[in-house]
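> Show me how the following folds:
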Amino acid sequence: MKSRDKIKKFLAYDGKVAITVAETGTITEAANKLYISQPSLTNAIHELEKEMNIIIFNRTNKGISISKEGEDFLGYARQVLEQAAILEDKYKGNNGGKKQFCVSTQHYSFAVNAFVDLIKKYGQDEYDFSLRETQTYEIIEDVARLRSEIGILFINDFNEAVIRKILKSYELEFHELFTARPHVFISRKHPLAGNTVITNEELEQYPYLSFEQGEHNSFYFSEEIFSASERKKNIRVRDRATLFNLLIGLNGYTVCSGVIDKKLNGKDIIAVPLADESDMRIGYITHKKGRISGLGYTYLEVLKKYFE
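Below you'll find the model as predicted:
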């Protein structure tokens, strides 16, 4: 096959296949997403690895994982496909195909609002975007495995050493967006709602609500600021709606950045500063060998507006 034909085949098929497998994490999901059979997809990956003389994916009984050289290859592949789409946009007068973008995040309303702004600003008839509000370790894995281009999370004095060690092992970088003073999210009718500041001692008798972290349910992966004091009443939830319903129904509380959105969180939830806790440094993570796309830069631009 001539070099020009190989490039065309890569842009039209091979590159997209490899990236889709990396993003989904399984051959089955990738095949379903690309509307091709599993044998065809597996064969395409084998042919691509053979042609490039590398192993992109490690195969085990538990599934597949991206190899070290595969991470390098996929980073370059993303850049090639992104640049090809830009060229088509500029010189061929079309939209370069259905654009894809994925961001993984802890449960922050500003991350959702920025995602909405991105879609409105993008303004195309076709796109394939994903917003994953998920567990902290999954955010790290999503970016490490190139499922997501950007991951949003926080670090503070308590979790920084552990989080940075994991990020380094995955060749990920943390970019700080802003520093926030921790706030307590409570119901407007909560007994402590009139306070200008709330202490941990005042919160002892109320249920503490936090987001479940699955297998990695360590305090270091908590989305909420961890206090050294032991909490008597703990409730873990998986989604934002359940958490806020319990805040109201049980006079519970959670701890977050203080950036609150009435449209997403409701008018019945307020934020009150929390005393005696270290600041939260909220930021985003990216892969060192990856490249932020045009959509990624746009998302970060609209995201930063919520902190100005």
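
> how about Leu81, secondary structure?
Following DSSP: H, G, I helix; E, B strand; the rest coil, we place Leu81 in the helix state.

> any idea how far Cys102 is from it?
Distance of Leu81 to Cys102, given as Cβ to Cβ, to the nearest Å: 14 Å. Yep, even glycine has a C-beta here, placed from its N, CA and C like the rest.

> again with Ser257
22 Å.

> More neighbours: which of the two?
For Ser257 and Cys102, the more surrounded residue by other Cβ atoms under 10 Å is Ser257, and the numbers stand at 24 against 20.

> unless I'm mixing things up, the more buried one is touching Phe154, no?
Yes - taking contacts as Cβ atoms under 8 Å, Ser257 lies within contact range of Phe154: 7.3 Å.

> list residues touching both of the two?
In terms of Cβ atoms under 8 Å, 6 or more residues apart in numbering, Ser257 and Phe154 are both contacted by the residues Ala180, Met280, Ile282.

> And for Tyr13, the neighbour number?
Neighbours of Tyr13 under the rule other Cβ under 10 Å: 14.

> sorry, that was for Ser65
13.

> Over to the residue positioned nearest the centre of the chain. Which of the three states is it?
Closest to where the C-alpha atoms of the chain average out (Cα atoms, centre = their mean) is Ser104, at 1.3 Å. Of the three states, Ser104 takes strand under three-state DSSP.

> Provide a list of residues in contact with it.
Going by Cβ under 8 Å, 6+ apart, Ser104 touches Arg132, Thr134, Glu138, Ile139, Asp142, Val143, Arg147, Ser148, Ile150, Gly151, Ile152.

> Domain map for this protein?
By the record's domain assignment, the chain is partitioned as 1-95, 178-281 (automatic domain parsing).

> want to throw these into TSV with distance to Lys120?
Formatted as TSV, those follow (distance: least, Cβ to Cβ, whole Å):
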stretch	distance to Lys120
domain 1-95	17
domain 178-281	14
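
> Just give me the lowest mean pLDDT stretch among the ones you listed.
For these, the bottom mean pLDDT is recorded on domain 1-95, which sits at a mean of 78.

> how far out from the middle of the chain is it?
22 Å (Cα atoms, centre = their mean, to the nearest Å).

> from here on, count from 43
With 43 as the first residue, the last one maps to domain 43-137.

> I figured Arg323 hits Glu218, correct?
Yes - contact status for Arg323 versus Glu218: in contact at 5.3 Å, counting by Cβ under 8 Å.

> between these two, which one's more packed in?
Between Arg323 and Glu218, counted using other Cβ under 10 Å, the more crowded position is Arg323 (17 against 11).

> my read is that one is in a strand, agree?
Yes - under three-state DSSP, Arg323 sits within a strand.

> Name whatever forms a beta bridge with Ile197.
On the basis of DSSP bridges, Ile197 is bridged to Arg323.

> How much space separates it from Asn74?
In terms of Cβ to Cβ, Ile197 sits 36 Å off from Asn74.

> Can you tell me which of the shared contacts of Ser299 and Phe196 is nearest Ile61?
Relative to Ile61, the closest of these is Ile324; by Cβ to Cβ it sits at 28.2 Å.

> Kindly provide the distance from the nearest residue to that closest one once chain neighbours are set aside to Asp303.
Closest residue in space to Ile324, ignoring its immediate chain neighbours: Phe196 at 4.5 Å, by Cβ to Cβ, 6 or more residues apart in numbering. Distance of Phe196 to Asp303, computed by Cβ to Cβ: 17 Å.

> Comparing the two, which shows the higher neighbour count?
The residue with more neighbours, out of Phe196 and Asp303, is Phe196; 27 against 14, by other Cβ under 10 Å.

> Go ahead and confirm that one touches Met322.
Yes - between Phe196 and Met322 there is a contact under Cβ under 8 Å: 4.6 Å.

> And the strands in the stretch 43-192 of the chain, which stretches?
For the stretch 43-192 of the chain, the strands defined by DSSP state E, counting those that start in this stretch cover 99-102, 105-108, 141-147, 169-175, 192-197.
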